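1. starting from these lines, generate the structure:
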Amino acid sequence: MAITTHVSPDVLYPLSFMRATRKLPSLNYEKIEPLDMPEPYQSLLVHEGDMTSRLEGHFECPIKVRCLRSSSNGHYYSREVLLHTEEQEKPTEYGAIEVSLHALPEETRALVLQASKPLGGILNDHRIPYSSAPRAFIKAIPDGPIVEAFGQIEADYLYGRSNVISGYNGDIIAQIVEILPPL
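-> Numbers count the residues shown, from 1 in each chain. As a prediction, the model looks like this:
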């Protein structure tokens with residue numbers, strides 16, 4: 001079976017798609033340059049690595065997934081998630097991911113579908129070679145769904161990124177939108 005190498009032109013995909021299926025308004029955001037992002041967001045978001053490692057380093061704790069919504073057609077698995085610290089369950093990231101299941105080895109697909117560990121952690125644990133390519137950095141106005149996911153937000157803006165993870169053969173493993181809470 002052929003694996004897609006198509007990346008959506010919408011930098012908020014798959015979050016935009018998941019919001020549309022729930023009949024929610026589009027996220028109010030603007031693209032920003034990496035250097036315009038304040039710290040600690042710049043250090044956490046402006047890189048070509050996985051977010052799992054960065055968040056675990058920043059919070060000095062393993063990161064877990066709380067799946068808010070998910071769907072799969074057997075080829076693609078999408079989920080809207082809240083990442084949180086393992087011990088105190090402190091929110092560390094809100095986002096959405098679409099994983100091309102056929103781009104992963106069979107033994108890791110079940111781990112992705114379990115939705116308990118972030119994709120970056122699974123790829124790292126199983127030594128699956130990949131590259132991470134941020135497509136855009138964003139400054140978003142927190143709205144109802146994001147406030148609901150984080151629990152409470154006392155900030156006018158949140159920072160995030162749109163990212164594509166590819167295998168070294170060029171196949172797209174995942175498209176991701178990652179938004180951090182106020183830090």
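2. can you give me the helices for the chain?
-> Applying DSSP state H to the chain gives helices spanning 15-21, 41-45, 51-59, 106-114, 119-125, 144-150.
3. with just CA atoms, put the first one into PDB.
-> Okay, so that is helix 15-21. Taking Å, rounded to 0.1, in the frame of the first residue of the first chain, the C-alpha atoms of helix 15-21 are listed here in PDB:
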ATOM      1  CA  LEU A  15      -6.900  20.600  14.600                       C
ATOM      2  CA  SER A  16      -8.900  22.600  12.100                       C
ATOM      3  CA  PHE A  17     -10.600  19.500  10.800                       C
ATOM      4  CA  MET A  18     -11.400  18.200  14.200                       C
ATOM      5  CA  ARG A  19     -12.900  21.500  15.200                       C
ATOM      6  CA  ALA A  20     -15.000  21.600  12.000                       C
ATOM      7  CA  THR A  21     -16.400  18.100  12.600                       C
END
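4. helices or strands up against that helix?
-> Helix 15-21 makes packing contacts with strand 76-85, strand 91-100 when contacts are defined by 3 or more CB pairs under 8 Å, 6 or more residues apart in numbering; DSSP states H and E. In this view, the C-beta of every residue, glycine as well, is placed from N, C-alpha and C.
5. need these in a markdown table (columns: mean pLDDT, mean neighbour count and distance to Pro25).
-> Shown next, in a markdown table, are the helices and strands packed on helix 15-21 (pLDDT from 0 to 100; neighbours: other CB atoms under 10 Å; distance: least, CB to CB, whole Å):
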| stretch | mean pLDDT | mean neighbour count | distance to Pro25 |
| --- | --- | --- | --- |
| strand 76-85 | 94 | 21 | 15 |
| strand 91-100 | 95 | 24 | 15 |
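6. wait, which of those is closest to Thr21?
-> Closest to Thr21 of these is strand 76-85 (CB to CB; 9.5 Å).
7. to Glu93, which of the helices of the chain lies closest?
-> helix 51-59 (6.3 Å).
8. returning to what we had before: out of the helices of the chain, which comes closest to Glu33?
-> Short answer: helix 41-45, nearest of those by CB to CB, at 10.5 Å.
9. that'll do, ta.
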